[in-house]
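Q: Provide a 3D model corresponding to the input given below.
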Amino acid sequence: MPLTSDQYLRYARHLTLPEFGEAGQEKLLKSSVLLIGAGGLGSPLALYLAAAGVGRLGIMDFDVVDVSNLQRQVIHRTQDVGTSKAKSAKRGVQDLNPGCVVDIYEEGITSANALEIIAKYDIVIDGTDNFPTRYLVNDACVFLNKVNIYGSIYRFEGQATVFDTRKKADGTRNGPCYRCLYPEPPPPGEVPSCAEGGVLGILPGTIAMIQATEAIKVLSGMGKTLAGRFLRYDAMNMTFRELKLRPDPTCPVCSAKPTITQLIDYQQFCGMGRGETAVNSENLEISTTDYAALREAGKEHLLLDVREPFELGICQIEGNLNIPLGQLPGRLGELAAWKDKLVVAQCKSGRRSMKALETLKKHGFSNVLNLTGGILGWGEDIDPSISAY
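A: Below you'll find the predicted structure:
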């Protein structure tokens, strides 16, 4: 279908490029991309892919906009706080380019819906920050012969590559998959999220631009993609480093003799029970309601807040002792009086505080509990004055 007069005008700078031209633009207009996540990576991705002329975007995100998102999630506005990220992103895309069709999925991707949803799109871009989703998206893309454009960010560093496992005429694949790079997930809680470790606000934009560039190249057939190459970016030193990636001949998903041929339980695969953690969380949790009752009854205990000091400025539970998780091993002497008394550990969501319990248990603390859901859970269930962040 020939371009319209509006499209000739809108995409004039693309059409001027002899390597791209009308043929490339027409391919983009006929293409579709699924963005999993409308956060730090998904926000600039949605804007730039829509601006470039991708014909249809699927935006998948179950979360709502929080004011702490606005430092880096540039598609959302202050007035969007409290609203669906998927709906907010759709508004941003259509404000920029009304010709882009936007499908929204206000849900998380799961083993139950992944194949059906991913099958509708030409390529997938993973903008999430958790391991179960990364393995799920990888496996689904391999099974469906789809390109998976990967990016991740943390603090001042980012990574990007293209997992193109589409089969060639000779039956071999174009490149490795995520499992070839990371055969096993790290132990639960070992890798902090951006919420726990922080992220430079501009960093997601840099990595998302790399992902968007790769998407346009894959869709238009232009240039050489990052398939088989892994790009690492250090914002503090403004350096890029490229590593070679090779398919794992024993990969359980993309090798010639796969052992995984259908989607599995990825929460279980990446979760507890794999032998890496020293603490059984089942017997060490205290619910927000039980902890509220404990406080109401005046039972003696220490509330150990293992968040960073700046987080206390946002919100805190009265009467806590703050020792950031990274400082805990060197400050155990401050807790000596509580070695045989009740210690309730608390962080933002419950992950860091569970790691704190591991440290305490290893050093002989006999009565320790983790506040389920952290201070965010406390705010939702007990104290509405607690600010979500």
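
Q: Can you tell me which residue sits nearest the middle of the chain?
A: Centroid check for the chain by CA atoms, centre = their mean gives Asp129 as the closest residue, at 1.8 Å.

Q: if I look at Ile104, how far off is Gly55?
A: Distance from Ile104 to Gly55, counting by CB to CB, to the nearest Å: 16 Å. From N, CA and C alone the C-beta is placed, and that goes for glycine too.

Q: Correction: the previous question concerned Thr213.
A: 18 Å.

Q: same deal with His14?
A: Taking CB to CB, one finds His14 at 14 Å from Gly55.

Q: Which strand or helix spans Ala46?
A: Here Ala46, judged by DSSP states H and E, is contained in helix 42-52.

Q: which residues sit against that helix?
A: Residues from elsewhere that reach helix 42-52 (CB atoms under 8 Å, 6 or more residues apart in numbering): 14, 28, 33, 35-36, 38, 57, 59, 61, 72-76, 89, 92-93, 96-97, 100, 125, 127, 204-205, 208-209, 211-212, 215-216.

Q: now stretch 223-235
A: By CB under 8 Å, 6+ apart, the list of residues contacting stretch 223-235 reads 19, 156-164, 174-176, 181, 200, 202-203, 206-207, 210, 214, 217-218, 239-246.

Q: Could you do stretch 367-376 as well?
A: 281, 284-288, 291, 305, 307, 315-317, 340-351, 353-354, 357, 360-361, 377-378, 380-381, 386, 388.

Q: Buried residues of it, list them for me.
A: The neighbour-count check on stretch 367-376 (16 or more other CB atoms under 10 Å) flags 368-376 as buried.

Q: Dump the C-alpha coordinates for stretch 94-103 into CSV.
A: Provided in CSV are the C-alpha atoms of stretch 94-103 (Å, rounded to 0.1, in the frame of the first residue of the first chain):
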residue,chain,number,x,y,z
GLN,A,94,-1.4,8.3,20.4
ASP,A,95,-0.6,11.9,21.3
LEU,A,96,2.7,11.5,19.4
ASN,A,97,1.5,9.5,16.4
PRO,A,98,-2.3,8.9,16.0
GLY,A,99,-1.6,6.5,13.2
CYS,A,100,0.0,3.9,15.5
VAL,A,101,-2.5,1.3,16.6
VAL,A,102,-2.0,0.4,20.3
ASP,A,103,-3.2,-2.7,22.0
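
Q: Now restrict the contacts of helix 42-52 to buried residues only.
A: Buried residues within the contacts of helix 42-52, counting neighbours by 16+ other CB under 10 Å: 14, 28, 33, 35-36, 38, 57, 59, 61, 72-76, 89, 92-93, 97, 100, 125, 127, 204-205, 208-209, 211-212, 215-216.

Q: Which ones among these lie within helices?
A: Among these, the residues falling in helices (DSSP state H) are 14, 28, 89, 92-93, 204-205, 208-209, 211-212, 215-216.

Q: Which of the three states applies to Asp103?
A: For Asp103, the assignment made with DSSP: H, G, I helix; E, B strand; the rest coil gives strand.

Q: for the one 4 residues further on, same thing?
A: Reduced to three states with three-state DSSP, the structure at Glu107 is coil.

Q: Nearest spatial neighbour of it, chain-adjacent residues omitted?
A: Spatial nearest neighbour of Glu107, excluding adjacent residues (CB to CB, 6 or more residues apart in numbering): Phe62 at 5.1 Å.

Q: surely the one you found meets Ile104?
A: No - applying CB atoms under 8 Å as the test, Phe62 and Ile104 come out as separate, 10.8 Å apart.

Q: And the helices in the stretch 101-250 of the chain, which stretches?
A: Assigned by DSSP state H, counting those that start in this stretch, the helices in the stretch 101-250 of the chain fall at 114-118, 131-144, 178-181, 194-197, 203-220.

Q: Not counting its own residues, what contacts stretch 63-82?
A: Contacts for stretch 63-82 (CB under 8 Å, 6+ apart): 38-40, 42-44, 46-47, 83-85, 88-89, 91-93, 199, 201-205, 388-389.

Q: buried stuff in that stretch?
A: For stretch 63-82, by 16+ other CB under 10 Å, it's 64-66, 69-70, 72-76, 80.

Q: Report the distance from stretch 202-214 to the chain centre.
A: In terms of CA atoms, centre = their mean, to the nearest Å, the gap separating the centre of stretch 202-214 from the centre of its chain is 14 Å.

Q: What of stretch 74-83?
A: 19 Å.

Q: Show me what the mean pLDDT comes to for that stretch.
A: If you average the pLDDT over stretch 74-83, you get 94.

Q: can you check stretch 21-34 too?
A: 97.

Q: Contacts for it next, please.
A: Contacts of stretch 21-34 (CB under 8 Å, 6+ apart): 1, 3, 7, 11, 14-15, 17, 49, 52-58, 60, 117-118, 120-125, 215-216, 219-222.

Q: Check which residues of it are buried.
A: 24-29, 31-34.
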